[in-house]
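Peer 1: Sharing a sequence plus its predicted fold:
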Amino acid sequence: MKPNNHLIAPSILSADFGNIYGAVDMINESEADWFHIDVMDGMFVPNISFGFPVMEAVKRRAKKPMDVHLMIEKPERYIERFRDAGAHVITVHYEACPHLHRVIQQIKETGALAGVAINPHTPVTHLVDILEDVDLILVMSVNPGFGGQKFIYNAIPKVTHLKQLLMERNLSPYIEVDGGIGLQNAERVLQAGANVLVAGNAVLGADNPHSVITSLKAIGNGSLKNIPA
Ligand code: DX5
Ligand code: ZN
């Protein structure tokens with residue numbers, strides 16, 4: 001099967017924060033589809049990234065949807081604030097939400113798309129009772145917390161399995177894969193059934209980020225319909 005429909009979401013975590021608008025402008029001008037925004041609280045993951053002021057600064061300049069990946073405990077405390085700060089998609093972690101169904105409804109009530117993320121050790125089967133409620137499922141292909149880590153190849157069979165569970169139910173949320181993605185593995189991830197690729201280091205760590213985005217996008221024909229910015 002040839003992949004032909006996917007979105008590219010560069011992660012600004014790998015940007016130079018001294019020149020954040022340099023990265024925002026590059027993404028605006030490229031064929032990338034979304035801004036992937038990694039929020040970390042130093043509790044759910046062993047790292048702290050950034051919060052509302054940085055997101056609001058990105059929002060002022062971004063011409064494409066903001067895909068917000070919350071690696072935080074008790075995300076229900078901040079859903080409305082992330083929406084106000086510019087989020088089009090808000091993804092929470094399965095592992096951080098004992099009342100996941102309620103949080104998903106809370107996200108939808110703000111008007112944002114609702115996503116759920118799973119860590120590398122969490123089986124996709126744990127999602128069967130939430131599949132029909134979500135707009136996006138994010139399969140982590142690294143342990144969340146840092147950019148620039150090595151891709152965990154077990155994510156590929158997980159995506160295949162997830163795709164099968166969705167097809168059996170006639171559901172088609174976005175399937176996003178995040179962590180360690182680059183030109184060396186993107187095609188396999190897409191072939192497994194993913195249709196949103198996050199890329200941090202592979203894009204923003206490159207000498208020519210723009211051309212890496214073009215190459216990631218060119219793997220398929222990129223005709224998947226986007227959401228409005
Ligand atoms: C990891 C983050 C990722 C990360 C991706 O916790 O969720 O979005 O920034 O960066 P790379 O592509 O460098 O692994
Ligand atoms: Zn992420």
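Peer 2: Yep, it's here. Ligands and ions are numbered 1, 2, ... in the order given.

Peer 1: which parts of the protein sit against ligand 2?
Peer 2: Taking CB under 5 Å from the ion as the contact definition, the chain meets ligand 2 at Asp38, His69, Asp178. From N, CA and C alone the C-beta is placed, and that goes for glycine too.

Peer 1: Out of those, grab the one that's most surrounded.
Peer 2: In terms of neighbours by other CB atoms under 10 Å, the residues of the chain next to ligand 2 top out with His69 at 28 neighbours.

Peer 1: List the contacts of Gln105.
Peer 2: Applying CB atoms under 8 Å, 6 or more residues apart in numbering to Gln105 gives the contacts Ala114, Asp133.

Peer 1: Name the SS class of it, please.
Peer 2: Applying DSSP: H, G, I helix; E, B strand; the rest coil to Gln105 yields a three-state assignment of helix.

Peer 1: any idea how far it lies from Ser215?
Peer 2: Gln105 sits 39 Å away from Ser215, going by CB to CB, to the nearest Å.

Peer 1: ok, now Ala229?
Peer 2: To Ser215, Ala229 is 23 Å away according to CB to CB.

Peer 1: So if I had to pick from the two, which one is more boxed in?
Peer 2: Set side by side, Ala229 and Ser215 give different neighbour counts by other CB under 10 Å, the larger being at Ser215 (17 against 14).

Peer 1: Nearest residue to the more buried one in space, ignoring adjacent ones along the chain?
Peer 2: In space, and not counting its chain neighbours, Ser215 is closest to Leu183: 5.7 Å by CB to CB, 6 or more residues apart in numbering.

Peer 1: what do you get for Gly180?
Peer 2: Phe151 (3.1 Å).

Peer 1: For the one you found, which three-state class applies?
Peer 2: Taking three-state DSSP, the label given to Phe151 is coil.

Peer 1: neighbours around it, how many?
Peer 2: Using other CB under 10 Å, Phe151 has 20 neighbouring residues.

Peer 1: Ala23 now?
Peer 2: The local packing of Ala23 (other CB under 10 Å) involves 22 other residues.

Peer 1: How about Pro46?
Peer 2: The tally of other residues near Pro46 (other CB under 10 Å) stands at 11.

Peer 1: before we move on, what about Ala218?
Peer 2: 11.

Peer 1: Quick check: the gap between it and ligand 2.
Peer 2: Applying CB to the ion, to the nearest Å, the value for Ala218 to ligand 2 is 23 Å.

Peer 1: again with His99
Peer 2: 22 Å.

Peer 1: Stretch 81-91: how far from the chain's middle?
Peer 2: Offset of stretch 81-91 from its chain centre (CA atoms, centre = their mean, to the nearest Å): 13 Å.

Peer 1: Next up, the contacts around the closest residue to ligand 1 within the chain.
Peer 2: The minimum distance from the chain to ligand 1, using CB to the nearest ligand atom, falls at Gly200 (2.5 Å). Counting by CB under 8 Å, 6+ apart, Gly200 makes contact with Pro10, Ser11, Leu13, Ser14, His36, Asp38, Gly147, Gly148.

Peer 1: So for stretch 25-44, mean pLDDT?
Peer 2: Stretch 25-44 comes out with an average pLDDT of 98.

Peer 1: And the helices in the protein, which stretches?
Peer 2: Along the chain, the segments classed as helices by DSSP state H run 20-29, 52-61, 79-84, 100-109, 155-168, 186-192, 201-204, 209-218.

Peer 1: right, is stretch 203-221 up against ligand 1?
Peer 2: No: Stretch 203-221 does not reach ligand 1 (CB under 6 Å from any ligand atom); its nearest approach is 7.2 Å.
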